[in-house]
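In: I need the structure of the sequence given here:
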Amino acid sequence: IAAWRGYCKLVVLLLKFGCDVFMCANGGIDARTIAQGNRSSDILNILEEHICSCKNPRPTSAKDMFLSSIELHSRNQNTHKHHTRAKLLIHPTSCHPGAGAFIIDHFLSERAIDSLVQLWCSLPIGQSDKKRSKVLCSDRSYYCDATGKLCKMISSAMQQNAVLKGLQMEQCIVFPHMRFLHYGQEGIVLAPHIDLARVNILGQRSTHTFILYLYDCLNGGETSLLGDVSGEKRNQVLAKVKPCKGRMLVFPHKCPHEGNEVIDTPKVLLRGELLLGICD
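Out: Numbering: from 1, shown residues only. Below is the predicted model:
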């Protein structure tokens, strides 16, 4: 965290008290990789100097290859973007809180999606109160994109798509804290709800939820956008989105939605937050 936030004095202090410079966070990235990804030359110099003073320096974890692979595929998105297909689900001028919701099929290349699956497989499963109470729910694996590579890839692919131009969205900020959701059992449902906004380190508040599906599910597991979370419009389905590998679903946090019963497994997705809007 200190390397990510650029806290030079704290990095020096941690190293002085024996912090392991080679220790990797979830996803296989270490402090040096984070400093390189964020172009933090001061932090990198401190770490490199410390590594040189170590008697038995160790190489960076091989898990970094997942992120390197994702970065490599992100460079090929310019040739991939012509194969994407976008569709508005709720018209931008609608008075519904989900106005402007959309999907983009083939959002990332097949190989980039496969790299994300590898990243998910490398992460530990987070603890859940629902699991402890034996409620049927998804397994969550949390990931912080401290290097910014994944955020940049998603933002770039989003801004290249014509759907955002149609929505007059000039700004797309991807928040670094994401989670992989794995529905490994049949029968899991998600009750109607709306999502909460998140605030990043710069004080920016997210506006939209994104869901990137990593596997196909021919039957069940759809995300339904609803008229309301309760009342007469509870059963009004405005759009039903089937999990398809490489499909990106984006909707405002205030949009009522539910997760339909999972039939085909596994259902795996990457979920996170965006700030979509007009640049100041």
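
In: now do the buried residues in stretch 110-120.
Out: Residues of stretch 110-120 classed as buried by neighbour count (16 or more other C-beta atoms under 10 Å): 112, 113, 115, 116, 117, 119, 120. In short, each C-beta sits where N, CA and C put it, glycine included.

In: could you dump those residues into JSON lines with pLDDT and distance to residue 101 added?
Out: Formatted as JSON lines, those follow (pLDDT from 0 to 100; distance: C-beta to C-beta, whole Å):
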{"residue": "112", "pLDDT": "92", "distance to residue 101": "23"}
{"residue": "113", "pLDDT": "94", "distance to residue 101": "22"}
{"residue": "115", "pLDDT": "92", "distance to residue 101": "27"}
{"residue": "116", "pLDDT": "94", "distance to residue 101": "22"}
{"residue": "117", "pLDDT": "95", "distance to residue 101": "25"}
{"residue": "119", "pLDDT": "93", "distance to residue 101": "26"}
{"residue": "120", "pLDDT": "95", "distance to residue 101": "25"}
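
In: quick one: the helices in the stretch 101-250 of the chain?
Out: Taking DSSP state H, counting those that start in this stretch as the test, the helices found in the stretch 101-250 of the chain are 110-122, 129-132, 149-159, 162-166.

In: weakest of those by average pLDDT?
Out: Lowest mean pLDDT of the helices of the stretch 101-250 of the chain: helix 129-132, a mean of 55.

In: count the neighbours of the closest residue to residue 154 other than its chain neighbours for me.
Out: The shortest distance from residue 154 to any non-neighbouring residue, by C-beta to C-beta, 6 or more residues apart in numbering, is to residue 174 (4.8 Å). Using other C-beta atoms under 10 Å, the number of residues around residue 174 comes to 22.

In: just to check, residue 174 is in contact with residue 156?
Out: No. Here residue 174 lies out of contact with residue 156, judged by C-beta atoms under 8 Å, at a distance of 9.7 Å.

In: returning to what we had before: with distance to residue 87 added, can I get the helices of the stretch 101-250 of the chain in JSON lines?
Out: Output for those, formatted as JSON lines (distance: least, C-beta to C-beta, whole Å):
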{"stretch": "helix 110-122", "distance to residue 87": "19"}
{"stretch": "helix 129-132", "distance to residue 87": "33"}
{"stretch": "helix 149-159", "distance to residue 87": "15"}
{"stretch": "helix 162-166", "distance to residue 87": "8"}
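
In: of these, which is nearest residue 202?
Out: Distance to residue 202, taken as C-beta to C-beta, is lowest for helix 149-159 among the helices of the stretch 101-250 of the chain, at 13.0 Å.

In: that'll do, ta.
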